[in-house]
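K.L.:
give the three-dimensional model of this entry:
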Amino acid sequence: MESRERISMDEKHGKSIRKRVLEDPLFLRTDEYIDEMLEKDTLTELVLQIGPNCNLECPHCYGAYGPKRKGFPQLKFVRKALEESVELGIEGITLTDGEPIRLQTKDVLGLAANFSDRIPLTIMTNAKFANTVRNTARWISFLKDEGFELNRDGNLIYVSFGEGYKVHWKNYHKLNVALKVIYPDANFGKHLRYSLLYGLGEDETELADNVASSLANVFGLDGEIEFFPESNGKVPTYVIPYKKGEYLFIDCNQCDPQGRATDLNVFDGVFLFGELSVSKMGFLPREAESLYVAHDGRVSYGIAGGCVREERYAGSLETDSLGEIKRRIQSDEIYQAKKIGGTRFLYAVAQDVNPDFRVFGKIGCDVCHSFFSDSDIIEGVRRRLSQDGVAESYKQFIGSFDLSNKEQCGFV
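P.N.:
Model (predicted):
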């Protein structure tokens, strides 16, 4: 689900600064870039984490959630987060990191649906609940009865599927049928999305083809189903024209070796293990991040659930307001540095503070995880940034790179 969260937030916020960086990488060195990024409110989304208990124990789960884990979201924290999100102008709510459509979390699901007329709601599901026609229709009717309208701007059913979930494709077909019956006037091109998490099995193409055929059969096919491979940073996508001018989509996202998936053999030769260097990491800024509310009310931040780590919790809804926690995050030098220079900048400062801080792993996320798991490094970097200033430290860092070289910038 991590890739989906990155893509959707960047799309929603127009990539304005990212576009300028891609068009002219030297923009990264300007005071205008630094000022814009530091002043920009990027904490615009709220994620309610449903786990760590989940109805599936997927081999790729970055949070290692599953039926044996304990912890469901407490309704008092969910209510507080939703109410304060309205006041803060939060632009979207997502239910994820654990399956939301099940009996144990029905009260949370209903409350979030009730707020979806004030803040757009994305419900991310593995569709395990859609095992019978009756059960599927009952759940979709419940969402509608609680106020979740699929013609309301921003409201979205997002289905994450793949071989790793071990959910039969007929579940997705039952879900499609129920959605069409219960929301007959919805524009499903805008309010239903499928995401194939690939890299975990041999029958992924067959599974994706079955889901694409179901979408075409249920909603109607107006043209030919097309598959577009990865291009210009866009993920591979199935495109299903279902009525004039409208399309249904299946995004295809590569599974990453994180959490429970760290040591899966399927990644051998795909993600090579070794020392991760500053020079091999990218610069592109993220213009939107999420506040993550855990089941126990603690609040963190990041671009995806895989970012959440113990050291990134900035407060608890038990004692603080969501606004107070958000302001605390935004005033922290670590957050500001990551905001303008990404993990690459933090890694460079960390190695300057302690040359022995070296990270071995497979992907750039391993650097971020190692950094936020080391309290001594965090405090050392925070002291350095406080002493030298975040902006000045960044200028020294960015000045050491050849920004005319897109490969060195991590743009290719």
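K.L.:
packing partners for the helix or strand hosting Ser370?
P.N.:
Using DSSP states H and E, Ser370 sits within helix 365-372. Counting contacts by 3 or more CB pairs under 8 Å, 6 or more residues apart in numbering; DSSP states H and E, helix 365-372 packs against helix 333-353, strand 359-361, helix 375-388. For every residue, glycine as well, the C-beta is placed using N, CA and C.
K.L.:
tell me the most buried of those?
P.N.:
Using mean count of other CB atoms under 10 Å, the stretch among these with the largest mean neighbour count is helix 333-353, at a mean of 22.
K.L.:
in CSV, list the helices and strands packed on helix 365-372 along with mean pLDDT and distance to Arg286.
P.N.:
Listed next are these as CSV, based on pLDDT from 0 to 100; distance: least, CB to CB, whole Å:
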stretch, mean pLDDT, distance to Arg286
helix 333-353, 94, 8
strand 359-361, 93, 20
helix 375-388, 96, 19
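K.L.:
possible to save those as a markdown table with distance to Phe249?
P.N.:
Converted to a markdown table, those look like this (distance: least, CB to CB, whole Å):
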| stretch | distance to Phe249 |
| --- | --- |
| helix 333-353 | 28 |
| strand 359-361 | 32 |
| helix 375-388 | 39 |
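K.L.:
quick check: mean pLDDT of the lengthiest strand in the chain?
P.N.:
Longest strand in the chain by number of residues (criterion: DSSP state E): strand 246-254. Across strand 246-254, pLDDT averages out at 92.
K.L.:
outside of that strand, which residues touch it?
P.N.:
Strand 246-254 is contacted from outside by 3-4, 7, 187-189, 192-199, 208, 211-212, 215, 219, 235-242, using CB atoms under 8 Å, 6 or more residues apart in numbering.
K.L.:
just the buried ones from those, in PyMOL syntax?
P.N.:
Filtering the contacts of strand 246-254 down to the buried ones (16 or more other CB atoms under 10 Å) takes a single PyMOL command:
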select buried, resi 3+4+7+188+189+192+193+194+195+196+197+198+199+208+211+212+215+219+235+236+237+238+240+241+242
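K.L.:
circling back to that earlier point, if we look at the helix holding Ser370, which residues are touching it?
P.N.:
256, 258, 276, 281, 306-307, 309-312, 343, 346-347, 350, 359-361, 377-378, 381.
K.L.:
run the last query once more with 6 Å
P.N.:
By CB atoms under 6 Å, 6 or more residues apart in numbering, the list of residues contacting helix 365-372 from outside reads Leu276, Arg309, Glu311, Arg312, Thr343, Leu346, Tyr347, Val359.
K.L.:
check the offset of that helix from the chain's centre.
P.N.:
Between the centre of helix 365-372 and the centre of its host chain there is 17 Å, according to CA atoms, centre = their mean, to the nearest Å.
K.L.:
CA atoms only for stretch 321-330, dumped as CSV, please.
P.N.:
Coordinates of each C-alpha in stretch 321-330 appear next as CSV, following Å, rounded to 0.1, in the frame of the first residue of the first chain:
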residue,chain,number,x,y,z
SER,A,321,-4.8,17.8,20.5
LEU,A,322,-4.0,16.8,16.9
GLY,A,323,-3.2,20.4,16.2
GLU,A,324,-0.6,20.6,19.0
ILE,A,325,1.0,17.4,17.7
LYS,A,326,1.1,18.7,14.2
ARG,A,327,2.7,22.0,15.2
ARG,A,328,5.3,20.0,17.3
ILE,A,329,6.2,18.0,14.3
GLN,A,330,6.5,21.0,12.0
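K.L.:
so where's this structure uncertain?
P.N.:
Applying pLDDT under 70 to the chain flags residues 1-15, 200-201, 231-233, 406-412.
K.L.:
if we go to 50?
P.N.:
Residue ranges of the chain with pLDDT under 50: 1-15, 412.
K.L.:
relative to Glu163, which of the helices and strands packed on helix 365-372 is closest?
P.N.:
strand 359-361 (24.4 Å; CB to CB).
K.L.:
show me where the stretch 51-200 of the chain has helices.
P.N.:
With DSSP state H, counting those that start in this stretch as the criterion, the stretch 51-200 of the chain has helices at 75-88, 106-115, 133-145, 169-182, 188-191.
K.L.:
between the ones you listed, which one is closest to Asp203.
P.N.:
The nearest among these, by CB to CB, is helix 169-182 at 10.0 Å.
K.L.:
packing partners for the next helix or strand after the longest strand of the chain?
P.N.:
Using DSSP H and E, the helix or strand that follows strand 246-254 in sequence is strand 274-276. Here strand 274-276 touches strand 359-361, going by 3 or more CB pairs under 6 Å, 6 or more residues apart in numbering; DSSP states H and E.
K.L.:
pairing partners for the strand it packs on, with directions?
P.N.:
Strand pairing for strand 359-361, determined by DSSP bridges: strand 274-276 (antiparallel).
K.L.:
now what about the partner strand, what contacts it?
P.N.:
Residues contacting strand 274-276 (CB under 6 Å, 6+ apart): Arg358, Val359, Phe360, Gly361, Val367.
K.L.:
turn the residues you listed into TSV, columns for distance to Leu48.
P.N.:
Below are the contacts of strand 274-276 laid out as TSV (distance: CB to CB, whole Å):
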residue	distance to Leu48
Arg358	36
Val359	31
Phe360	34
Gly361	29
Val367	27
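K.L.:
which one of these is nearest Thr262?
P.N.:
Gly361 (8.9 Å).
K.L.:
please report phi then psi for the nearest residue to Leu197 once chain neighbours are set aside.
P.N.:
Setting aside the residues directly before and after it, Leu197 is nearest to Gly162 in space (CB to CB, 6 or more residues apart in numbering), at 3.9 Å. Here is the backbone geometry of Gly162 (degrees, to the nearest 10): phi 160, psi 170.
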